[in-house]
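**Q** model the following, please.
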Amino acid sequence: MTVPASATTAGPDAGAHAFGGQAAHTARLLSLLCTGFILRAVLLGVPPVLEQLRRSLGLSHGMAGLVIGLPVLVLGLSALPGAAITRRIGAARTVGAGLVLLAVGAVLRAAPGGFTSVMIGTLLLAVGIGAAQPPLARLAQVWFPRQVQRAATVMTLGLLVGGIAGAALTPFVVHGVAHDWRGSFVFWSVPAALAVVMWLAVASRSPDGSAGQAPVRIGPLLADPRVRWITLLFAAQGVTFYTSNTWIAGASAGGADTPAAALNLLCLNGAALPITLVLTATRRSFTDSRRFYVAAGLLSIAGTAGWTFAGPELGPLWSLLLGGGGTMALVGATAYSPMSFPPAQVAAVAATVWTVGYIAAFVGPPLAGFSIDLFHNPRAPFALCLAFSFLLILGGLRLPRTVPGAVPATDPAAGD
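**A** Below you'll find the predicted structure:
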């Protein structure tokens, strides 16, 4: 993507003083990072205790898969209403409302009541996450008009670090502090409440991103090939990500609740950190690069094929490959909307991508769980992940190389 000279000569800090100076710039960047963190941590703190929860509540593998799958469906169903609410009350207020719902749901899922309270609380926090994500992408563009790719990547870094924390910290929380799955839910409700406080403090002194929002019309948006193919990419990585995170512990050597399971979850999500840090610092645009997405698909194929055919002996390697490919696809797909569309369309495009993508991703965990019940093979879910990994390559090859009619690239992080 070619960057106008006016953008590149503005300097990397040109957007820092647009709204309140360097301190405000840093606070907003941290708020994007921390909000992204909690949006993912509360969900991915569940897979490490899923087997314990399943046994405690007497659930089948398929029903246990719904604990992960149904929230993903709700994420998709909440995205379009979230974009519509953004038009009325502004992006910053919509994110704040979503975080409040998330915090309340995080508390309710730990309440007495068994499977019912778990699902009510989980679905409520999923509504909050789904409503918050589209306006968060818009704010990356509004708050950082000359650093859009970098801001969107920092937001995604928060999502991925939250995934790492949820997957890696939860086993230690259970064994050292919480003692069971319900206690781990109480633990994650604390940072959820803190995220609300931080967001309200920062957003109250920042532009709310409410001006000039386009209405959400999913049909015309899906007629745009950019939206169609980036939606396919987002959906494919979503299926592989949520399915593998849900069932990788049970496929590990020795099964769930073992050091091997914790290591595989850490590798699966930990691969995101170095990759996202590199992408945050890159000076070239990668969001519309076909080679970038094909590389992501090849890594994902290598990881899922390893789990499917070679087994858990090299589980950490397969997990690193799978996590690396998924990370690349997620970062690119998340940054694509604010990098490629005018400000008035960003929330609508992001909501469309997330609605279709999350609804597709919903089928992964429960379908994979039923495949375990059917074939009595804990590695069966990775065959599904392997099929969707090939779709990453298809989407990458068909994504338009140049972005017709896109917003001018004013991100100094982009190269020539």
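
**Q** tell me how many other residues crowd Ala281.
**A** 10 (other Cβ atoms under 10 Å). Just so you know, the C-beta spots here come from the backbone N, C-alpha and C atoms, and that holds for glycine as well.

**Q** repeat that for Ile248.
**A** If you count neighbours by other Cβ under 10 Å, Ile248 ends up with 30.

**Q** where's it, which helix or strand?
**A** According to DSSP states H and E, Ile248 maps onto helix 225-251.

**Q** quick one: Asp373 and Gly62 touch, right?
**A** Yes - using Cβ atoms under 8 Å, Asp373 is in contact with Gly62, at 5.7 Å.

**Q** when those two are compared, which one has more neighbours?
**A** Between Asp373 and Gly62, Gly62 has the larger neighbour count (other Cβ under 10 Å), namely 18 against 13.

**Q** give me the pLDDT for that one.
**A** Gly62 carries a pLDDT value of 80.

**Q** tell me the contacts of it?
**A** Gly62 makes contacts with Pro366, Gly369, Phe370, Asp373, as judged by Cβ atoms under 8 Å, 6 or more residues apart in numbering.

**Q** same question, Thr355
**A** Residues near Thr355 by Cβ under 8 Å, 6+ apart: Gly76, Leu77, Ala79, Leu80, Ile218.

**Q** buried among these? Need that as a selection in ChimeraX.
**A** In ChimeraX syntax, the buried subset of the contacts of Thr355 is picked out as below (16 or more other Cβ atoms under 10 Å):
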select :76,79,80
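
**Q** what's the burial count for the spatially closest residue to Pro225 that is not a sequence neighbour?
**A** Nearest residue to Pro225 in three dimensions, chain neighbours excluded: Pro400, at 5.9 Å (Cβ to Cβ, 6 or more residues apart in numbering). Here the number of neighbours of Pro400 (other Cβ under 10 Å) works out to 15.

**Q** so is the spatially most central residue of the chain in a helix, a strand, or just coil?
**A** What sits nearest the mean C-alpha location of the chain, by Cα atoms, centre = their mean, is Leu159, with 5.4 Å. For Leu159, the assignment made with DSSP: H, G, I helix; E, B strand; the rest coil gives helix.

**Q** wait, it sits on Gly36?
**A** Yes - counting by Cβ under 8 Å, Gly36 is a contact partner of Leu159 at 4.3 Å.

**Q** so where's the chain uncertain?
**A** For the chain, the stretches flagged by pLDDT under 70 are 1-20, 209-216, 401-416.

**Q** all strands of it, in order?
**A** Counting by DSSP state E, the chain has no strands at all.

**Q** can you list the buried residues in the helix holding Ile248?
**A** By neighbour count on 16+ other Cβ under 10 Å, the buried set for helix 225-251 is 226-251.
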